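Enquirer: Below is the sequence, then the predicted model.
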Amino acid sequence: MTSSIWSRPARGTRGPAPTHTRDEIVTAAITLADADGLSAISMRAVAAALNTGAGSLYRYLSSRDDLLDLMTDHAVGELRPYPEISSDWLDTMLAMARRQLELYRRHPWLVELMPRSTAVGPQGLAWFDRCLAVLQPVPAATAAKFEAIAMMTGVVTLFARSEAAQPAGGFAEVDMTAYPNLAAAFTAPPAAAPPRDLFDVTVRSVLRGLLS
């Protein structure tokens, strides 16, 4: 069984002296993914970006999966510095969630990699540890806190995916006669009250519901 990328040295012990660091390889891969998505990531493409041969990358990585895991953890490191822990744990968790959403906006490909269990590296563990520190005053079971953090991340991912999706064509060309409730909703006058921040409301509701 192949050991985790996190437990292996930054490069193999055999072969010529390294010309690039593992961080340089990961940074080049992230730049490619930001520009062209995950489909653009291959050992050959990353090597070309570094003006080297694909075979040379295997001195540092065993596979593309290793590279994807390193990319994920490197990006998660951008969540630092973490928001200060305030007296209101819910406010702090919302700030953590907003930091996550900003990260996914910078790196849209990240939402596809976060569910990978192997992608949880040192930076991911540090972020999770910080969330648990924020939740220390909450009198809930540890399992409930783990579930709340996971659900919060799920909400952030949902919003990030929604923002990245192509806009729908709309209903302008649809005969709404058979859908009176939809027709009424679309023609109703706008509410007098200012629009709610749906992200704020959703994150707060999920955390309260799971930790109350």
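Expert: All right, it came through fine.

Enquirer: ok, now how distant is the residue of the chain most remote from its centre from residue 80?
Expert: Distance from the C-alpha centroid of the chain, by CA atoms, centre = their mean, peaks at residue 177 (41.6 Å). Noted for residue 177: a distance of 55 Å to residue 80, by CB to CB, to the nearest Å. To be clear about C-beta, it is placed using only N, CA and C from the backbone, and glycine gets the same treatment.

Enquirer: again, but for residue 32
Expert: 23 Å.

Enquirer: More neighbours: these two, which one.
Expert: It is residue 32, of residue 32 and residue 80, that has more neighbours when counted by other CB atoms under 10 Å, with 20 against 11.

Enquirer: For that one, list the residues it contacts.
Expert: By CB atoms under 8 Å, 6 or more residues apart in numbering, the residues touching residue 32 are 40-41, 45-46, 49.

Enquirer: Can you lay out the residues you listed as CSV showing pLDDT?
Expert: Output for the contacts of residue 32, formatted as CSV (pLDDT from 0 to 100):
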residue, pLDDT
40, 95
41, 96
45, 96
46, 96
49, 95
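
Enquirer: Just put the residues you listed in JSON lines and tack on secondary structure and distance to residue 148.
Expert: Converted to JSON lines, those look like this (DSSP: H, G, I helix; E, B strand; the rest coil; distance: CB to CB, whole Å):
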{"residue": "40", "secondary structure": "helix", "distance to residue 148": "35"}
{"residue": "41", "secondary structure": "coil", "distance to residue 148": "32"}
{"residue": "45", "secondary structure": "helix", "distance to residue 148": "38"}
{"residue": "46", "secondary structure": "helix", "distance to residue 148": "36"}
{"residue": "49", "secondary structure": "helix", "distance to residue 148": "39"}
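
Enquirer: List buried members of those by neighbour count.
Expert: The neighbour-count criterion (16 or more other CB atoms under 10 Å) marks 41, 46 among the contacts of residue 32 as buried.

Enquirer: I'd like to know which of the contacts of residue 32 is nearest to residue 151.
Expert: Nearest to residue 151, judged by CB to CB, of those is residue 41 at 28.8 Å.

Enquirer: ok, the closest one touching residue 64?
Expert: Yes - with contact taken as CB atoms under 8 Å, residue 41 and residue 64 are classed as touching, separated by 7.0 Å.

Enquirer: Please consider this matter closed, and thank you.
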